[in-house]
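*Asks:* show me the folded form of this:
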Amino acid sequence: MARRQRGSSPTLSDVARHAGVSLATASRAINGSSTRTVGEDLAERVREAARELGYAPDANAQAMARGATQTIGVVVHDLTDPYFAAIADGMATAAREGRLFMTLATTGNNIDALSDVVSSLDSMRVRAIILVGARWKDDDLADTLGAAAGRYINRGGRLVTIGMELPGMDGVIVDNAKGSAQLAEHLFTLGYRRPLVLVGPVRHSTAAARSSAFVDRMAELGVEVDESHQISSDLTRGGGEVAMRLALESGLDFDVVVATSDVMALGALHEARRSGVRIPEDAGLTGFGDITSLRDVQPGLTTVRVPTDRLATLALDLALNGPGDGTGSQVVSVTPVVRDSTPPRT
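*Replies:* Residues are numbered from 1 along each chain as shown. A predicted model of the protein is given here:
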């Protein structure tokens, strides 16, 4: 029988010989198996042999044996957006605490790429996939994404969403509508009566939920928001700049700008300053998300806080321990945070 050369890395065959077991038994003890198990005493003997020889298991071999890796795949739309970056960071922390690895993928704000990304992660045999994003009004997207997700789940994978909903799949749902309604109540109490709403993209269901809930609650309080004061634009800093510029060029009369995301609000703030509009003296300003970079913004931005760490923790727990059939979805509350960008109006 060939002996291992001095200085070469130990192999699984070396471990099997050292433990006095077959190669198949050593593989099942080290890599695991989706069909057969090894008694604990024998498994410990093999593991002890591996430690003595300094053998390092092959992650790919373990994935083939178990049918999945100890890796979770996390998909976000835009890693440069502080909101998505905060959730990704929370996922990394939760994964590390659970002794899991994390593969991070981004669609680059191309929502149509979601199904391809899911298929790629499926081919990598990740243990679970967590989609972080938003709901979109697109039947074709829902069909292609649903098909890719279905193939992955049928192979034994677990898929969970954050901020978006897929039929038959567990998700962590942000209560956007309630947060926006509460924001409307705060602004009404502070004396604001002429809001300008930056509603986000037409196809973006999450942005639509935030803006429509705000408009509806204001209407219940007696303040009608005309359609001319609901401007659609990208849910980005650039989108906020464009929407604010359109409002100013159109000569719209408003006393507060309500953006459906924090980055959009920051874009509106930049354009307001460039155009000579003082925030908050001439008009108030609000966002949604409470991203960490707001700490450096002056005046402090009134927003709706989304607990990103909690979203990440709940999503990972659902992915590993949830029912996996859509019945385990959880709703997370959000909280308006009033700061200097919306002082009382007289």
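*Asks:* and the strands in the protein?
*Replies:* 71-76, 101-106, 128-132, 158-162, 171-174, 195-198, 230-231, 256-259, 284-286, 303-305, 330-332, 335-337 (DSSP state E).
*Asks:* so how far is residue 97 from the residue nearest to the spatial centre of the chain?
*Replies:* Nearest residue to the geometric centre of the chain (C-alpha atoms, centre = their mean): residue 132, 2.7 Å. For residue 132, the distance to residue 97 equals 18 Å [C-beta to C-beta, to the nearest Å]. The way it works is simple: take the backbone N, C-alpha and C, and place the C-beta from them, glycine included.
*Asks:* and residue 252, by the same measure?
*Replies:* Taking C-beta to C-beta as the measure, residue 252 falls 49 Å from residue 97.
*Asks:* can you pick out the residue with more neighbours from those two?
*Replies:* Using other C-beta atoms under 10 Å as the criterion, residue 252 and residue 97 rank with residue 252 on top: 14 against 10.
*Asks:* quick one: contacts for the more buried one?
*Replies:* 196, 228, 229 (C-beta atoms under 8 Å, 6 or more residues apart in numbering).
*Asks:* likewise for residue 285?
*Replies:* Contacts of residue 285 by C-beta under 8 Å, 6+ apart are 256, 257, 259, 265, 268, 269, 272, 279, 301, 302, 341, 342.
*Asks:* adding neighbour count and pLDDT, write these out as TSV.
*Replies:* Shown next, in TSV, are the contacts of residue 285 (neighbours: other C-beta atoms under 10 Å; pLDDT from 0 to 100):
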residue	neighbour count	pLDDT
256	23	98
257	30	98
259	33	98
265	30	97
268	32	98
269	25	98
272	22	98
279	21	97
301	26	97
302	27	98
341	24	98
342	29	98
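*Asks:* give me the buried positions along stretch 208-217.
*Replies:* Using 16 or more other C-beta atoms under 10 Å as the test for burial, stretch 208-217 gives 208, 209, 210, 211, 212, 213, 214, 215, 217.
*Asks:* quick one: contacts for the third one?
*Replies:* Read it as residue 210. Counting by C-beta under 8 Å, 6+ apart, residue 210 has contacts 176, 177, 179, 180, 200, 260, 288.
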